[in-house]
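[1] Sequence and predicted model, in that order:
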Amino acid sequence: MTWEEFQAFVKRRGVLVIPVGSTEQHGLHLPLGVDAIVPYEIAKKLAEKSDVVVAPQIAWGYKPQPGSSGGTDFPGTCSLDASTLIALVRDLIRDLIRHGVRKTIVLDGHYENSLFLNEGVDLALRDSGRPSNTKVVIARWYELIRSEEYQKIFPGFEGVALEHAANMETAMMLYLRPELVRKDKIKGDSAQRYPPYVVLPPTEDLIPKTGSLTRIKNVNAQQGERMTEIAVSRLLELIRTEFA
């Protein structure tokens with residue numbers, strides 16, 4: 001978009017979606033950018049159905065943890081400190097508000113970003129004086145899908161906690177960006193133990209050797225398509241509910 005086209009979008013009070021992810025390992029079969037690619041592709045499909053503009057994706061996120069994303073030691077995993085991510089989101093949202101954007105969805109694809117996105121948005125709203133009719137909604141795409149829906153898509157599904165680089169993300173990438181999936185290397189993995197506490201620095205037995213946190217079953221693009229359809233429909237509901 002040119003600045004003039006963006007100005008017209010702001011005047012008609014459309015919704016801006018900012019996809020946020022990370023650049024981190026995703027096993028042997030998926031690219032480093034999965035957490036940024038998936039919300040970006042979902043946002044583009046949402047834009048086909050609503051007056052939505054998709055902002056450039058934020059491809060960097062907070063440090064992945066061993067028990068949820070495999071840790072920081074895999075080659076290519078590059079992360080932000082919490083203060084950096086907070087400042088980045090704060091600056092961006094504050095400038096968008098300054099330019100008149102009043103309806104924003106921050107669409108997150110990286111679990112560890114959660115509280116730091118909240119803080120960045122909160123500080124930006126405070127800095128801007130909370131202009132009237134301004135609302136920012138932070139949504140994590142995988143939380144838009146209900147547990148019973150996951151069960152239908154993946155029979156025997158055990159929850160999202162250990163799904164990093166596993167069934168969910170593999171299916172999504174097979175649907176959204178199949179050319180990036182190394183299909184001959186899909187297998188999954190698991191750590192030797194998953195304690196209910198944090199160990200720093202992490203020991204080797206806490207980190208799966210391939211980077212996938214659980215075994216991958218027979219996944220396919222149709223499962224990814226169904227998850228995408230549900231996520232887009234929930235985002236449309238969100239727009240109707242929060243930005244009416």
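    Cool, the structure landed.
[2] From residue 223, how far out is the closest residue to residue 222 other than its chain neighbours?
    Nearest residue to residue 222, sequence neighbours excluded (CB to CB, 6 or more residues apart in numbering): residue 175, at 7.6 Å. Where C-beta positions appear, they are placed from N, C-alpha and C, glycine not excepted. Distance of residue 175 to residue 223, given as CB to CB, to the nearest Å: 8 Å.
[3] Which neighbours do the two have in common?
    The overlap between the contact sets of residue 175 and residue 223 (CB atoms under 8 Å, 6 or more residues apart in numbering) is empty.
[4] related to what we said a few turns ago, identify the residues contacting the host helix or strand of the residue nearest to residue 222?
    Using DSSP states H and E, residue 175 sits within helix 167-176. By CB under 8 Å, 6+ apart, the residues outside helix 167-176 that reach it are 26, 29-30, 34, 37-38, 41-42, 142, 150, 153-154, 157, 160, 163, 180-181, 186, 188, 214, 216-217, 219-225, 227-228.
[5] Can you flag the buried ones in these?
    26, 29-30, 34, 37-38, 41-42, 142, 150, 153-154, 157, 160, 163, 181, 186, 188, 214, 216, 219, 221, 223-225, 227-228 (16 or more other CB atoms under 10 Å).
[6] Output the lowest mean pLDDT helix or strand found in this structure.
    Here the helix or strand of the chain ranked lowest by mean pLDDT, DSSP states H and E is helix 66-69, holding a mean of 81.
[7] In terms of secondary structure, what does the top helix by length along the chain contact?
    Across the chain, the longest stretch assigned as helix under DSSP state H is helix 221-242. Counting contacts by 3 or more CB pairs under 8 Å, 6 or more residues apart in numbering; DSSP states H and E, helix 221-242 is packed against helix 34-47, strand 103-108, strand 135-140, helix 147-153, helix 167-176.
[8] and residue 53, which of those is closest to it?
    helix 34-47 (7.0 Å; CB to CB).
[9] other SSEs contacting whatever helix or strand comes next after that closest one?
    Per DSSP H and E, helix 34-47 leads on to strand 52-54 as the next helix or strand towards the C-terminus. For strand 52-54, the packing partners by 3+ CB pairs under 8 Å, 6+ apart come out as strand 15-20, helix 34-47.
[10] now those in JSON lines, with distance to residue 101?
    Converted to JSON lines, the helices and strands packed on strand 52-54 look like this (distance: least, CB to CB, whole Å):
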{"stretch": "strand 15-20", "distance to residue 101": "5"}
{"stretch": "helix 34-47", "distance to residue 101": "15"}
